[in-house]
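Participant: What shape does this take:
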Amino acid sequence: MRELTGTAKYIRYAHEVAFSIYFSLLIIMVNDLRSVQHPATNSWAHSLSLLIRGSAHPQSYNDPAPLFVFAFLWAGSAIVMFLFLRILARLSITGAFLRTFGGIVAVAGFPLASGYVSFRGYLYMLGSLPRALLYAYAPYRWLAIEVVASVVCVFLYVFLKWPAKDRWGLLLLGLHFAIWTWILRPSLIYPCLGFVTSLAWGLYLRQSPNVPSSAVGTDDKS
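Facilitator: Numbers count the residues shown, from 1 in each chain. Sure thing, here's the model as predicted:
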């Protein structure tokens, strides 16, 4: 893989940092929610908190220790992920990973993660794969279509450079995250980080040396 220079190098750094922060948060969130569904199993954050505090449990809901442990685990995971990407930066497969999987995580990471957690819970309760899929995005089942459409748009943008005009891409991106901001009013960190990560991914994709120059930066001139 050809080494990036100048602005393109810093755009890749920005994408790697944003991806590492967001992906780490999603993984820890999924682990936490899975532990809520299965109380017999402690989450990573809870296990680390117990390790630090010994066998003592938090004294109250206002105890800052669990939040500190969560933030520590999140920061540590993000740093490890970023260093891992830096070590493998010269491999072409790393660039392909950042372009494709990085885009899926940025654009549809939280919807997919929350749908996965909900699906596992309903599969456990209902014991039926079709019914679990049907209820994965309850009560807003139409969100399943929106999530699939967002993943399809990621692949269209990566491989066909659609939409070719920046403003249409930003419009679709803004609409997607506006929907999830409305759904996640109490937890705005996920759509906000997702939107920032998506912007970093889009800039990286347009600066990628593996993208034909005729398909890069061809914005509307009208």
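Participant: which other residues reach stretch 174-191?
Facilitator: Residues from elsewhere that reach stretch 174-191 (Cβ atoms under 8 Å, 6 or more residues apart in numbering): 25-26, 29, 107, 110-111, 140, 143, 146, 150, 192, 194-195, 198. Any C-beta I mention is one placed from the backbone N, CA and C, and that applies to glycine too.
Participant: Identify the residue spatially nearest to Ala113, adjacent ones excluded.
Facilitator: Of all residues not flanking Ala113 in the chain, Leu26 sits nearest, at 4.7 Å (Cβ to Cβ, 6 or more residues apart in numbering).
Participant: same thing with Leu133?
Facilitator: Nearest one to Leu133, counting by Cβ to Cβ, 6+ apart, is Phe119 at 6.4 Å.
Participant: which residues does the one you found contact?
Facilitator: Residues counted as contacts of Phe119 (Cβ under 8 Å, 6+ apart) are Ala132, Leu133, Ala136.
Participant: Buried residues in the helix or strand bottoming out on mean pLDDT in the chain, which are they?
Facilitator: Across the helices and strands of the chain, mean confidence by mean pLDDT, DSSP states H and E is lowest for helix 44-53: a mean of 80. By neighbour count on 16 or more other Cβ atoms under 10 Å, the buried set for helix 44-53 is Trp44, Ala45, His46, Leu48, Ser49.
Participant: C-terminal to the lengthiest helix in the chain, what's the next element?
Facilitator: Ranked by residue count and defined by DSSP state H, the top helix of the chain is helix 92-126. Moving toward the C-terminus from helix 92-126, the next helix or strand (DSSP states H and E) is helix 129-135.
Participant: Just the C-alpha atoms of that following helix, please, in CSV.
Facilitator: The C-alpha trace of helix 129-135 is given here as CSV (Å, rounded to 0.1, in the frame of the first residue of the first chain):
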residue,chain,number,x,y,z
LEU,A,129,-35.2,-16.8,14.9
PRO,A,130,-37.9,-15.2,12.7
ARG,A,131,-39.8,-13.8,15.6
ALA,A,132,-36.6,-12.5,17.3
LEU,A,133,-35.6,-10.7,14.0
LEU,A,134,-39.1,-9.2,13.8
TYR,A,135,-38.9,-7.8,17.3
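Participant: ok, now how distant is Tyr10 from Leu171?
Facilitator: From Tyr10 over to Leu171 the distance is 26 Å, taken as Cβ to Cβ, to the nearest Å.
Participant: Check the contacts of Phe119 for the minimum pLDDT and say which it is.
Facilitator: Among the contacts of Phe119, Leu133 carries the weakest pLDDT, at 84.
Participant: what's the neighbour count on that residue?
Facilitator: 15 (other Cβ atoms under 10 Å).
Participant: Ok, the one 10 residues further on next?
Facilitator: A count of nearby residues for Leu143, using other Cβ under 10 Å, gives 18.
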